[in-house]
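Enquirer: Structure of the sequence below:
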Amino acid sequence: MADDTKNPDTFPEGASPADDDMDPRAGAPGEALAADAAADAARQDGETGGPADAERTLPPVLPVLPVRDVVVFNYMILPLFISREKSVRAVEAAVRRGRHLLVVAQREEGVEDPGPADLYETGTVVQVMRMLRMPDSRLKVLVQGVSRARVAGYRQAEPYLEARVEHVAEPPVAEGADVEALLRAVREQSEKVLSLRGISSPDILGVLQGVDDPGRLADIIAANLRMKMADAQAILESVDPVERLRLVHERLQHELEVATVQARIQGAAREGMDKAQKEYFLREQLKAIRHELGDAEDESDDDMASLREALDKAGLSGEARAEADRQLRRLASMHADSSEASVLRAYLEWLAELPWKKQSRDRLDIARARDILDEDHCGLDKVKERILEFLSVRKLNPRSKGSILCFSGPPGVGKTSLGRSIARALGRRFQRLSLGGMHDEAEIRGHRRTYIGAMPGRILQALRQAGTRNPVIVLDEVDKLGADFRGDPSSALLEVLDPEQNNTFSDHYLNVPFDLSRVLFLCTANHVDTIPAALRDRMEVITLPGYTRQEKAEIGKRHLLPKRVADAGLKPGDVRLADAALDKIISEYTREAGVRNLE
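Expert: Next up is the predicted model:
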């Protein structure tokens with residue numbers, strides 16, 4: 001608690017209304033203080049020594065008590081803690097000279113030793129009703145406001161502040177309908193604020209109804225309103241009782257709006273909390289009933305346990321694990337049959353099934369790779385040589401990012417089958433994505449989970465099917481990508497095929513980074529001219545020429561004929577094809593660069 005201050009709504013920390021030398025009313029809340037103060041004010045005309053009598057005998061020179069965060073009003077009763085040395089001396093002097101002193105608020109709360117320039121000119125003359133000296137040399141005093149007063153001039157600043165005081169007398173109030181209407185409005189607003197705060201004491205309401213003087217009612221209510229210092233000081237400095245009541249009316253309107261919003265927020269929070277508690281108790285009761293009946297455990301609990309176990313085994317990254325735990329907590333608080341729970345369950349299953357850590361071990365044997373390429377493809381010596389160079393670099397530096405190979409050539413020359421041979425040579429899984437005619441960017445990046453039927457993109461689907469994080473993925477027909485109002489898939493491929501970026505590839509469905517840097521991407525195209533320049537710069541284009549007649553004949557005898565014989569359900573010795581017949585088919589019936597029509 002700050003020095004020389006008192007919050008009117010609460011009893012000061014460390015003080016107790018049970019102290020022998022303290023009035024028990026000082027420990028009551030602000031509204032109860034208002035009731036007591038009003039009751040005292042109502043009795044002042046018939047009692048001796050009350051504020052009404054004291055106001056007629058106030059001295060012209062009084063000690064000054066600076067306070068930090070409170071403005072004292074007439075008829076206001078409140079306790080104060082006094083700890084500053086000059087303030088203690090001022091209180092002691094007031095007790096010796098008639099128990100009156102002037103309480104003035106500081107302009108700035110941070111000033112530790114305020115002088116005349118640091119204080120407002122208008123304050124309140126108070127009467128010291130009780131004083132108690134604490135063991136730590138502080139004073140605890142109970143004061144009551146007596147009269148408004150202005151500082152005419154300061155007589156001394158040491159050892160305590162002392163000033164000449166001009167007592168402010170309130171002008172008479174002319175009765176009228178407007179004054180009566182204002183009084184009623186202020187009373188009604190006060191009752192509403194009290195009810196919103198949960199206070200409905202008949203004594204307080206009776207006091208508000210029993211005070212008919214505008215100035216006195218304004219002071220009683222202002223003493224217990226939560227206001228800023230500037231607003232409270234403005235009300236104190238207002239001499240006209242009706243104008244002062246109008247200012248209080250404005251502050252009551254603001255307080256009523258704030259209290260209404262606060263009550264609405266608290267009501268909504270309480271309603272949500274009650275609903276959650278009700279669902280929790282019902283679920284617990286349902287579990288207990290199932291247990292007593294000997295039924296099987298709830299399937300939703302088994303699903304949650306299996307999901308959590310699958311996520312633990314998946315080896316998620318730190319960011320993905322944090323997101324999975326957050327969604328697991330959300331799923332646990334939902335009903336198992338709700339639509340949102342189904343969406344969350346599908347999302348968590350995708351997280352658990354993606355190969356975050358699982359990868360196959362490369363078998364980088366260059367001689368074996370050469371044998372596999374020769375076995376699967378006839379000719380294409382320059383192309384095979386470039387592929388072997390590419391694999392050799394991988395063997396020397398397994399973490400080498402390298403470039404993306406793009407096989408370009410006419411249809412049927414073996415572009416896709418080259419990718420399959422590379423996967424077999426490396427010992428990796430093989431996946432093929434056909435990009436021909438693709439127009440939707442979401443095919444690459446996936447859909448947001450807010451859409452019905454949302455799924456990850458084709459890249460992550462291929463990884464899930466492969467079961468490893470380092471498969472060989474062939475992006476077939478990359479030159480036939482389209483673009484329309486749904487987006488440009490070629491732009492989405494820029495991140496996928498860029499070795500500097502794809503280690504943090506973000507799919508819209510997952511919304512967490514996934515590392516694609518271990519994937520070996522290969523592309524195929526018939527014409528590189530239609531590939532966007534930005535995408536083409538990320539590739540190393542290897543052109544596959546058409547086969548010669550001799551190469552076609554060799555491919556036909558070694559690969560195509562055995563394959564077609566087996567497809568027809570025949571044995572290898574059942575069909576014989578003369579070399580002349582094969583040459584005639586190649587030269588006169590299948591004039592093409594590849595061997596697709598020949599097959």
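Enquirer: mind listing what Arg549 touches?
Expert: Residues in contact with Arg549 (Cβ atoms under 8 Å, 6 or more residues apart in numbering) are Asp583, Ile586, Ser587. Where you see a C-beta, it was placed from the backbone N, CA and C, and this is true even at glycine.
Enquirer: Sketch out the low-pLDDT regions of the stretch 301-450 of the chain for me.
Expert: Along the stretch 301-450 of the chain, segments meeting pLDDT under 70 span 301-302, 337, 401-402.
Enquirer: mind checking the longest helix of the chain?
Expert: What stands out as the longest helix in the chain, according to DSSP state H, is helix 241-293.
Enquirer: In PDB, please show the C-alpha coordinates belonging to the next helix or strand after that helix.
Expert: Note on helix 241-293: by DSSP states H and E, the next helix or strand toward the C-terminus is helix 299-314. Presented in PDB, the C-alpha positions along helix 299-314 are these (Å, rounded to 0.1, in the frame of the first residue of the first chain):
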ATOM      1  CA  GLU A 299     -13.900 -47.100 -27.400                       C
ATOM      2  CA  SER A 300     -13.000 -43.400 -27.600                       C
ATOM      3  CA  ASP A 301     -10.500 -43.900 -24.800                       C
ATOM      4  CA  ASP A 302      -8.900 -46.800 -26.700                       C
ATOM      5  CA  ASP A 303      -8.800 -44.600 -29.800                       C
ATOM      6  CA  MET A 304      -7.100 -41.800 -27.900                       C
ATOM      7  CA  ALA A 305      -4.600 -44.300 -26.400                       C
ATOM      8  CA  SER A 306      -3.800 -45.800 -29.800                       C
ATOM      9  CA  LEU A 307      -3.400 -42.400 -31.400                       C
ATOM     10  CA  ARG A 308      -1.100 -41.200 -28.700                       C
ATOM     11  CA  GLU A 309       1.000 -44.400 -29.000                       C
ATOM     12  CA  ALA A 310       1.200 -44.100 -32.800                       C
ATOM     13  CA  LEU A 311       2.300 -40.400 -32.500                       C
ATOM     14  CA  ASP A 312       5.000 -41.500 -30.000                       C
ATOM     15  CA  LYS A 313       6.300 -44.000 -32.500                       C
ATOM     16  CA  ALA A 314       6.200 -41.700 -35.500                       C
END
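Enquirer: elements contacting the longest helix of the chain?
Expert: Counting contacts by 3 or more Cβ pairs under 8 Å, 6 or more residues apart in numbering; DSSP states H and E, helix 241-293 is packed against helix 177-196, helix 214-222, helix 229-237.
Enquirer: between the ones you listed, which gets nearest to Glu443?
Expert: helix 177-196 (56.5 Å; Cβ to Cβ).
Enquirer: So which residues make contact with the closest one?
Expert: Here helix 177-196 makes contact (Cβ under 8 Å, 6+ apart) with 31, 173, 200-201, 204-205, 208-209, 212, 214, 217-218, 221, 242, 245-246, 248-249, 252-253, 255-256, 259-260, 262-263.
Enquirer: when you compare where it runs with where helix 241-293 runs, what's the angle?
Expert: Helix 177-196 runs at 20 degrees relative to helix 241-293, counting by axes from the mean of the first three to the mean of the last three Cα atoms, to 10 degrees.
Enquirer: which of the contacts of helix 177-196 count as buried?
Expert: Neighbour counting by 16 or more other Cβ atoms under 10 Å classes 31, 204-205, 208, 214, 217-218, 221, 242, 245-246, 248-249, 252, 255-256, 259 among those as buried.
Enquirer: Pull the distance from whichever strand in the chain runs longest to the chain's centre.
Expert: Secondary structure assigned by DSSP state E gives strand 139-156 as the longest strand of the chain. Here strand 139-156 is found 50 Å from its chain centre; the criterion is Cα atoms, centre = their mean, to the nearest Å.
Enquirer: elements contacting it?
Expert: Under the contact criterion of 3+ Cβ pairs under 8 Å, 6+ apart, strand 139-156 touches helix 51-55, strand 61-67, strand 77-82, helix 85-96, strand 100-105, strand 122-133, strand 162-167.
Enquirer: what's the average pLDDT for the first one?
Expert: Going back to what we said before, that points to helix 51-55. Averaging pLDDT along helix 51-55 gives 48.
Enquirer: same deal with the second one?
Expert: For strand 61-67, the mean per-residue pLDDT is 92.
Enquirer: ok, and what's touching that strand?
Expert: Strand 61-67 is contacted by residues 4-6, 80, 82, 87, 89-91, 93-94, 97, 100-106, 114, 118-119, 123, 125, 149, 151, 154-155, 160-165 when judged by Cβ under 8 Å, 6+ apart.
Enquirer: ok, now the last one?
Expert: Contacts made with strand 162-167 from outside it, assessed by Cβ under 8 Å, 6+ apart, are listed as 55, 58-64, 90, 93, 102, 116, 125, 147-156.
Enquirer: among the contacts of strand 61-67, which ones are buried?
Expert: Neighbour-count burial (16+ other Cβ under 10 Å) applied to those gives 4-6, 80, 82, 87, 89-91, 94, 100-106, 114, 119, 123, 125, 149, 151, 160-163, 165.
Enquirer: All the strands of the stretch 401-550 of the chain, residue numbers only.
Expert: Assigned by DSSP state E, counting those that start in this stretch, the stretch 401-550 of the chain shows strands spanning 404-408, 430-434, 472-476, 505-506, 513-514, 520-525, 539-543.
Enquirer: how about the helices and strands packed on strand 139-156 in CSV, adding distance to Arg458?
Expert: Output for the helices and strands packed on strand 139-156, formatted as CSV (distance: least, Cβ to Cβ, whole Å):
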stretch, distance to Arg458
helix 51-55, 86
strand 61-67, 73
strand 77-82, 73
helix 85-96, 78
strand 100-105, 72
strand 122-133, 78
strand 162-167, 85
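Enquirer: wait, which of these is closest to Gln465?
Expert: Of all these, strand 77-82 sits nearest to Gln465, with 74.9 Å by Cβ to Cβ.
Enquirer: what's the angle between that closest one and strand 61-67?
Expert: Orientation check (the same axes, to 10 degrees): strand 77-82 against strand 61-67 gives 80 degrees.
Enquirer: Can you tell me the strand partners of strand 77-82 and which way each runs?
Expert: As defined by DSSP bridges, the strand partners of strand 77-82 come to strand 139-156 (antiparallel).
Enquirer: Determine the number of other residues adjacent to Glu319.
Expert: Residues near Glu319, counting by other Cβ atoms under 10 Å, number 12.
Enquirer: what's it sitting at in phi/psi?
Expert: For Glu319, the backbone dihedrals are phi -70, psi -40 (criterion: degrees, to the nearest 10).
Enquirer: which residues touch it?
Expert: Here Glu319 is in contact with Val512, Pro513 (Cβ under 8 Å, 6+ apart).
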